[in-house]
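Peer 1: sharing a sequence plus its predicted fold:
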There are 2 protein chains.
Amino acid sequence: MTDSQKYIIGLVFYPGMTSLDIVGPHQVFSVLPNVKLHRIWKTLDPIICDDGLTIMPDTTFANCPSLDVMCVGGGLKQQAVEDDPEVLEFFRKQGSTAKFVTSVCGGSEFLAKAGLLKGYRAATHWGMRQQLMTYLGVEVSTERVVVDRNRITGGGVTAGIDFGLTIASILYDEETAKIVQLLLEYDPAPPFNAGSPEKAGSEIVNKAKLYMQKLSNLALAKAAS
Amino acid sequence: MTDSQKYIIGLVFYPGMTSLDIVGPHQVFSVLPNVKLHRIWKTLDPIICDDGLTIMPDTTFANCPSLDVMCVGGGLKQQAVEDDPEVLEFFRKQGSTAKFVTSVCGGSEFLAKAGLLKGYRAATHWGMRQQLMTYLGVEVSTERVVVDRNRITGGGVTAGIDFGLTIASILYDEETAKIVQLLLEYDPAPPFNAGSPEKAGSEIVNKAKLYMQKLSNLALAKAAS
């Protein structure tokens, strides 16, 4: 692992984000040598994630330096945020200069809405592929991590770990990524073979869709109350 | 997924914990139907994790109800906390009545120090196996998730996701765990085959050990300053 390079990596936080989307890559990035991490939102107010966890940002849009890597995740309440002009402006501004423009899960919608995925292939959560493709015109891939020039995007939630390790290998080298993988003991052994729609089968997929809708409605109802 | 059962699940937070250790299972638990989650520490002050992330607890030791599931993770600064009599007392008290006493990564050391792993098999981070076995007398397993009666323990950091899904299948059923696995798109595809000491090989293991020591020293130096 080299100490000679320093990257400024910014992760965008927002109310209703999915904590694991962003904590996965954050954990990977935090172990990289000589990296400066920024957890960014409009204000420094606490962020309540869609799982109820409260996380603090430490950098505002206004005082955020130019990022080498910009990253955003998805969340059950992302639609309440992703059309906000202030948010879009931040993504456009940083996205025009960042070395890598990246997302995990539904975070690709933020990038698409800011015009940053035009002409690029991208991954997203399986339940959001149609939306990304049909309404936002992005060439959607079913790969877990997609590297298309300087756009790096991951699939749903837990894909953020594979995504983070991929970025580690690009920013540094394969050895560094392997060391981080070992430190985080990323030797997955899912108890069931149900991590993708194809593997889970149509009955589980249909139940998961209904359940996701219920969770989204609950999250939105809480946001409105 | 059934709506008829409600579990009270408590996750213990502490300064210097590894965020992904606890956010992995927290994310899994948060999607389960009719679960009440508590994020527990001595006080409601912000918790700074060892990766620099600041997370808020919402329940104190004093006002925590009896837990059905008690869970604790590891962290680079856990040794500064795990001998604290107040912490040990909390684990002993809750551990004596909880339906399931659980941990991820180095969290097994908390349970062992509170006497809750005596006569049980347990998992931990690969770098902490020797310590758990030799000094704390626990029968250490290299499995990713160990279920020994009502003690459920996971291996290092990312094992918390496999661990969470295993608990989901025990508290509910296989179908519920599969739905959660699909919602979190847990269909891992690590970019390298380096997630365990055996797979990574001795050169990477030795470099990872040195690097982990460096990270621990940095974390402790920051805590002392």
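Peer 2: Thanks, I have it.

Peer 1: so what's residue A:56 bridging to?
Peer 2: residue B:54 (DSSP bridges).

Peer 1: before we move on, what about the one 4 residues further on?
Peer 2: In this structure, residue A:60 has beta-bridge partners residue A:41, where bridges are defined by DSSP bridges.

Peer 1: next one, pLDDT for residue A:189 please.
Peer 2: We have a pLDDT of 97 for residue A:189.

Peer 1: worst mean pLDDT across the helices and strands of chain A, which element?
Peer 2: In chain A, no helix or strand scores lower on mean pLDDT, DSSP states H and E than helix A:202-224, which sits at a mean of 86.

Peer 1: in that helix, what's buried?
Peer 2: Residues A:204-205, A:207-209, A:211-212, A:215-216, A:219-220 are the ones in helix A:202-224 that count as buried (16 or more other CB atoms under 10 Å in any protein chain shown). For glycine as for every other residue, the C-beta is placed from the backbone atoms N, C-alpha and C.

Peer 1: show me the helices in chain A, by range?
Peer 2: A:19-31, A:85-97, A:107-113, A:129-134, A:159-171, A:174-183, A:197-200, A:202-224 (DSSP state H).

Peer 1: please identify the deepest-packed of those.
Peer 2: Counting by mean count of other CB atoms under 10 Å in any protein chain shown, helix A:19-31 has the highest mean neighbour count of these, with a mean of 28.

Peer 1: now the angle between helix A:159-171 and that one, please.
Peer 2: On the basis of axes from the mean of the first three to the mean of the last three CA atoms, to 10 degrees, helix A:19-31 is oriented at 30 degrees to helix A:159-171.

Peer 1: who are the packing partners of helix A:19-31?
Peer 2: strand A:7-12, strand A:35-41, strand A:69-72, strand A:100-104, helix A:159-171, helix A:174-183, helix B:19-31 (3 or more CB pairs under 8 Å, 6 or more residues apart in numbering or on different chains; DSSP states H and E).

Peer 1: same thing but 7 Å
Peer 2: The contact analysis (3 or more CB pairs under 7 Å, 6 or more residues apart in numbering or on different chains; DSSP states H and E) places helix A:19-31 against strand A:7-12, strand A:35-41, helix A:159-171, helix A:174-183, helix B:19-31.

Peer 1: related to what we said a few turns ago, tilt between the least confident helix or strand of chain A and helix B:174-183?
Peer 2: Using the same axes, to 10 degrees: helix A:202-224 against helix B:174-183 is 70 degrees.

Peer 1: coming back round to it: dump the helices and strands packed on helix A:19-31 to CSV, plus distance to residue A:50.
Peer 2: Below are the helices and strands packed on helix A:19-31 laid out as CSV (distance: least, CB to CB, whole Å):
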stretch, distance to residue A:50
strand A:7-12, 15
strand A:35-41, 15
helix A:159-171, 15
helix A:174-183, 27
helix B:19-31, 8
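
Peer 1: between these, which one is closest to residue A:79.
Peer 2: Counting by CB to CB, residue A:79 lies closest to strand A:7-12 out of these; the figure is 15.4 Å.

Peer 1: quick one: mean pLDDT for the closest one?
Peer 2: Across strand A:7-12, the average pLDDT comes to 98.

Peer 1: in its sheet, what does that strand sit against?
Peer 2: Its sheet considered, strand A:7-12 pairs with strand A:35-41 (parallel), strand A:69-72 (parallel) by DSSP bridges.

Peer 1: outside of that strand, which residues touch it?
Peer 2: The contact list for strand A:7-12, computed with CB atoms under 7 Å, 6 or more residues apart in numbering or on different chains, reads A:22, A:26, A:29, A:35-40, A:64-65, A:67-72, A:171.
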